[in-house]
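1. pasting the structure only:
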């Protein structure tokens, strides 16, 4: 399967978990969830203090992290294929760690910066080939306990 292809199995294994854990977290932080269903746009939309917030969710497995210090790399990789969402409406990109119930997030206006763009060769069970990622210095990313 090509590197940028949608993988239904990954979606089935992660989407409900990500939405449920994030929805519990964000409502506990005084956000009102206005959208939480799949429509090929932003995963979750909230309202807080008269402002609308957009979120895109992802789950990472096999690389446990909690804090910035425990994150094993100097940069955080965000997929380039979500730039289409940024171009329609900037959003908060949230990556949830399956093993630790911690997460990290960064705003798409920081992520989709040309200086962070890289072409990476992907070779996994589900994807092979070149794909575009944005590698953001972890100092620009917020780490937090989500559950």
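-> It's in. Note that the structure is a prediction, hence the values are computed from the model and not measured.
2. in this protein, which spans are helices?
-> 8-27, 83-88, 108-111 (DSSP state H).
3. buried ones in the shortest one?
-> What it means is helix 108-111. Residues of helix 108-111 classed as buried by neighbour count (16 or more other CB atoms under 10 Å): 108, 110, 111. (Glycine included, C-beta is placed from N, CA and C.)
4. go through the helices of the chain and pick out the most buried.
-> Looking across those with neighbours counted as mean count of other CB atoms under 10 Å, the highest average goes to helix 108-111: a mean of 19.
5. from the contact counts, what lies against that one?
-> helix 83-88, strand 92-97, strand 128-137 (3 or more CB pairs under 8 Å, 6 or more residues apart in numbering; DSSP states H and E).
6. now do the contacts for residue 54.
-> Residues in contact with residue 54 (CB atoms under 8 Å, 6 or more residues apart in numbering) are 42, 44, 45, 85, 89, 90, 91, 92.
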